[in-house]
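Novice: From the sequence below, what's the structure:
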Amino acid sequence: MLITIFRGAAALAVGLTLSLAAPLLPTATAADRAPVPVADPVAAPAAVLELPRPTGPFAVGRDTLHLVDRDRRDPWVPEAGDRELLVSMFYPARAGTGRPAPYLTVDEARLLLESQGREDVIAPEDVAATRINARAGAAPERGRHPLVVLSPGFSLPRTTLTLLAEELASRGYVVAAVDHAYESVGTLFSGGRMLTCVACEAADDMSVVAEGRAADLSFVLDQLTGPRPAWRRAGLIDASRIGMAGHSIGGNATAVTMAADPRVRAGVNMDGTFFAPVPPEGLGGRPFLMLGTESLHHPGGEDESWDRDWARLDGWRRWLTVTHSGHFTFIDLPVLGGQLGLTDPEAPLSGERSGEITRDYVAAFFDAHLRGLPQPLLDGPTAANPEVIFQGR
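Specialist: Model prediction:
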């Protein structure tokens with residue numbers, strides 16, 4: 001059977017657990033039902049938390065956009081009016097410009113931790129103070145760059161994709177990381193409004209979430225590449241080279257967007273169930289990468305949607321799984337958890353390796369399909385990455 005869809009906050013609270021190294025927040029797949037990692041409660045980390053330095057040649061700048069789709073009402077809180085999105089724009093920048101960019105606010109960090117009663121692991125002030133590499137308002141590098149749009153997991157903020165966003169920007173991509181209103185445990189919108197996860201209680205059908213996000217993501221493309229772009233640096237974007245990637249439900253939303261929007265040339269699903277299936281006719285021959293946990297997403301595994309939709313992909317394709325990984329391997333949380341000494345016996349892959357694998361394989365995919373650069377890493381297993389299993393190609 002396909003993975004059970006959790007219905008309502010009570011089911012989420014029963015079925016999911018919280019940590020920094022593995023599950024930190026509720027999402028909509030069975031992979032989230034992992035045990036809480038063992039760690040001594042701490043009031044503060046032994047050292048300042050930080051994301052690893054990106055490997056590309058460019059410094060990274062970051063802007064924030066508040067977008068409003070006046071043609072759609074919010075699906076979760078209709079009385080709130082028009083659909084709102086908050087977008088972090090990462091871009092190649094000139095070194096030494098801009099100012100330090102925050103990871104997230106203290107209140108956002110507190111909601112992350114309190115959502116499952118794990119605020120004893122680390123103080124929200126310390127999570128909020130995580131050092132990142134992007135510089136707010138940094139002067140951009142000249143030129144036009146491919147665009148990659150990122151969508152986070154269900155209930156997770158866009159912040160959890162910062163490591164990947166910074167890595168891609170350092171390699172010469174413009175990256176738009178999207179927060180979907182009322183689908184995160186807490187995101188601070190304009191005017192000091194903290195929007196919480198109404199969808200966590202209201203969503204009975206996760207395919208509806210994926211389809212709604214696809215509408216959000218196409219709207220983001222309209223706002224970034226249309227005749228009157230919402231971003232002052234939109235001239236950095238090469239609109240003929242657009243990719244998309246997402247974690248969990250964000251990965252499903254990537255495929256749904258590609259099926260409806262021909263502007264997206266390549267897509268990545270990081271460990272997301274295909275609640276909304278890939279169309280039987282495929283994605284118009286466009287390339288797609290499925291990157292997931294070995295325990296759940298191997299062929300014939302618990303999530304049958306991967307077998308079904310793999311057969312429907314009609315272009316360049318790869319099905320990769322990572323041994324000893326968990327559902328959150330592909331985002332920032334294991335990297336930060338590893339710095340706190342947190343471990344998860346169900347997903348023992350280190351935070352450092354989690355970040356490296358995600359960074360290297362996703363960047364190689366976009367380098368191959370948006371830049372046309374040969375990527376031997378995607379040709380088959382390598383001795384340097386024994387954890388990565390090629391399940392299909």
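
Novice: where exactly do the strands run in the stretch 51-200 of the chain?
Specialist: Applying DSSP state E, counting those that start in this stretch to the stretch 51-200 of the chain gives strands spanning 59-73, 82-93, 99-100, 135-136, 145-151, 174-180, 187-189, 193-195.

Novice: Would you mind giving those as JSON lines with mean neighbour count added?
Specialist: For every residue, glycine as well, the C-beta is placed using N, CA and C. Shown next, in JSON lines, are the strands of the stretch 51-200 of the chain (neighbours: other C-beta atoms under 10 Å):
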{"stretch": "strand 59-73", "mean neighbour count": "18"}
{"stretch": "strand 82-93", "mean neighbour count": "23"}
{"stretch": "strand 99-100", "mean neighbour count": "10"}
{"stretch": "strand 135-136", "mean neighbour count": "16"}
{"stretch": "strand 145-151", "mean neighbour count": "27"}
{"stretch": "strand 174-180", "mean neighbour count": "27"}
{"stretch": "strand 187-189", "mean neighbour count": "19"}
{"stretch": "strand 193-195", "mean neighbour count": "15"}
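
Novice: Next, count neighbours for S218.
Specialist: By other C-beta atoms under 10 Å, the residues close to S218 number 18.

Novice: quick one: the helices in the chain?
Specialist: Assigned by DSSP state H, the helices in the chain fall at 8-15, 106-114, 124-128, 162-170, 199-202, 206-225, 249-260, 294-297, 304-310, 333-339, 351-370.

Novice: looking at those, which has the lowest confidence?
Specialist: Of all those, helix 8-15 carries the lowest average pLDDT, namely a mean of 31.

Novice: returning to what we had before: nearest to G341 among the strands of the stretch 51-200 of the chain would be which one?
Specialist: Closest approach to G341 among the strands of the stretch 51-200 of the chain is made by strand 99-100 (25.6 Å; C-beta to C-beta).

Novice: hang on, the earlier thing: can you redo the helices of the chain as JSON lines with distance to L86?
Specialist: Output for the helices of the chain, formatted as JSON lines (distance: least, C-beta to C-beta, whole Å):
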{"stretch": "helix 8-15", "distance to L86": "23"}
{"stretch": "helix 106-114", "distance to L86": "11"}
{"stretch": "helix 124-128", "distance to L86": "17"}
{"stretch": "helix 162-170", "distance to L86": "14"}
{"stretch": "helix 199-202", "distance to L86": "15"}
{"stretch": "helix 206-225", "distance to L86": "11"}
{"stretch": "helix 249-260", "distance to L86": "15"}
{"stretch": "helix 294-297", "distance to L86": "30"}
{"stretch": "helix 304-310", "distance to L86": "29"}
{"stretch": "helix 333-339", "distance to L86": "20"}
{"stretch": "helix 351-370", "distance to L86": "22"}
